[in-house]
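Colleague: next one to model:
(chains A, B, C and D)
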There are 2 protein chains.
Amino acid sequence: MATTSELEQALRGAALRVTRPRVAVLAAVHEHPHSDTDAIIRAAREDVGDVSHQAVYDVLRALTLSGLVRRIEPAGSVARYEARIGDNHHHAVCRSCGVIADVDCAVGATPCLTASNDQGFVIDEAEVVYWGLCASCVTSNPSAH
Amino acid sequence: MATTSELEQALRGAALRVTRPRVAVLAAVHEHPHSDTDAIIRAAREDVGDVSHQAVYDVLRALTLSGLVRRIEPAGSVARYEARIGDNHHHAVCRSCGVIADVDCAVGATPCLTASNDQGFVIDEAEVVYWGLCASCVTSNPSAH
DNA sequence: GCCGTTATCTTGACTGATTCAAGAAAACAC
DNA sequence: GTGTTTTCTTGAATCAGTCAAGATAACGGC
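Modeller: Purely as a prediction, here's the structure:
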């Protein structure tokens, strides 16, 4: 749970001007990991009153480009954002309810980077998405798996 | 390179009626792996004349549901389709030009299915996307990596 | 080979996330 | 404080994909 001044420091550290929308959006992403843009807009507005949706889109792009947040886009979902960065973790997505859970990388620190035949690609990231059913959907619908 | 009658057989095998749009779309996906819907629409029209875009969307959904084609959606891209199925391969995506290459799974037959802490998820698939630069973009822009 | 049922295709409108563009407002350096 | 540059507001636009209703065509049975 980062404090406001920590968030401001993070923004300055990324050479981003400190504005109320930016602090609010960054706080929202910290507090609600894996939220989509609409949820972040609503959270930011609770925080600072009116903020245009365009401002939130702009902020999210700036934060993503500077590496303060990470954008994830599971197939069939709109873009989602999280503030847990730099630790190479992956995600499990529930096919039934869409919930997303963090999954530590099974192999190590910067793993998964070993494509067997890379066809000349210079790989800098391996993104893993585990698809399945979350615990609660398994319980409520045991036949589905 | 599947023949028309092989494609028809595949459709019947999946309990799908054989229609000209379906054969044309299935052929297009075989011939142009990783194509987006628009490219498939154009390829199908070259093949059978007029086909509505809605028909192609319907066909692609039916083929995907029946497992005859696989739908992939790399972040930042529209949906793409491929006919290489059932072998658990993954993809490398070029950040610069967007080209997609097939990558055999590094671990084995149905691998990668081992999330370290699965939080109660019942995982049925692990999808891996390798991000980087393709050989040709590395060559034309060596500073980028 | 023809018929009826049912799935599929055509047409055309619509949705919803995201982006574009132009001007107003606010951060920050000096 | 002032000026410059970035950021925010407002409002329109884009584009992939979906929805809906009626027309058409596959296919099983006769």
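
Colleague: longest strand of chain A, counting residues only.
Modeller: strand A:122-133 (DSSP state E).

Colleague: hey, what's the angle from it to strand B:122-133? Just curious.
Modeller: 160 degrees (axes from the mean of the first three to the mean of the last three CA atoms, to 10 degrees).

Colleague: quick check, stretch A:34-48 touching DNA strand D?
Modeller: No: with CB under 7 Å from any atom of the strand as the criterion, DNA strand D is not reached by stretch A:34-48; the gap is at least 8.2 Å. Where C-beta positions appear, they are placed from N, C-alpha and C, glycine not excepted.

Colleague: picking up where we left off before, average model confidence for the helix or strand following the longest strand of chain A?
Modeller: Counting by DSSP states H and E, the element after strand A:122-133 in chain order, helix or strand, is helix A:135-140. The average pLDDT within helix A:135-140 is 89.

Colleague: for the longest strand of chain A, list every residue counted as buried.
Modeller: Neighbour-count burial for strand A:122-133, counted by 16 or more other CB atoms under 10 Å in any protein chain shown, picks out A:122-123, A:126-133.

Colleague: now A:Gly98, what's its secondary structure?
Modeller: Per DSSP: H, G, I helix; E, B strand; the rest coil, the secondary structure class of A:Gly98 is coil.

Colleague: ditto for A:Asn88
Modeller: Per three-state DSSP, A:Asn88 ends up coil.

Colleague: what's the answer for A:Gln9, then?
Modeller: helix.

Colleague: so how far is A:Arg71 from A:Cys134?
Modeller: 22 Å (CB to CB, to the nearest Å).

Colleague: so is the helix or strand where A:Arg61 lies next to chain B?
Modeller: Under the criterion of DSSP H and E, A:Arg61 resides in helix A:53-66. No: judged by CB under 8 Å from any CB of the partner chain, helix A:53-66 makes no contact with chain B; its nearest approach is 11.0 Å.

Colleague: may I see the buried residues of that helix?
Modeller: A:55-56, A:59-60, A:62-63.

Colleague: neighbour-wise, which of A:Cys134 and A:Arg71 wins?
Modeller: Using other CB atoms under 10 Å in any protein chain shown as the criterion, A:Cys134 and A:Arg71 rank with A:Cys134 on top: 23 against 16.

Colleague: quick check: closest non-adjacent residue to that one.
Modeller: Leaving out its chain neighbours, the residue that sits closest to A:Cys134 by CB to CB, 6 or more residues apart in numbering or on different chains is A:Cys94, at 3.9 Å.

Colleague: likewise A:Val128?
Modeller: Counting by CB to CB, 6+ apart, A:Val128 lies nearest to A:His90, which is 4.1 Å off, once chain neighbours are set aside.

Colleague: go on, A:Ala55?
Modeller: In space, A:Ala55 is closest to A:Pro21, 4.9 Å off (CB to CB, 6+ apart).

Colleague: what does the pLDDT read for that neighbour?
Modeller: So, for A:Pro21, pLDDT stands at 97.

Colleague: measure it to A:Gln54 for me?
Modeller: Relative to A:Gln54, and taking CB to CB, A:Pro21 is found at 10 Å.

Colleague: cool, A:Ala28 as well?
Modeller: Taken as CB to CB, the span from A:Ala28 to A:Gln54 is 16 Å.

Colleague: next one: A:Glu73
Modeller: Distance, A:Glu73 to A:Gln54, using CB to CB: 20 Å.

Colleague: is DNA strand D contacted by stretch A:6-15?
Modeller: No: using CB under 7 Å from any atom of the strand, stretch A:6-15 stays clear of DNA strand D, with a minimum separation of 8.0 Å.
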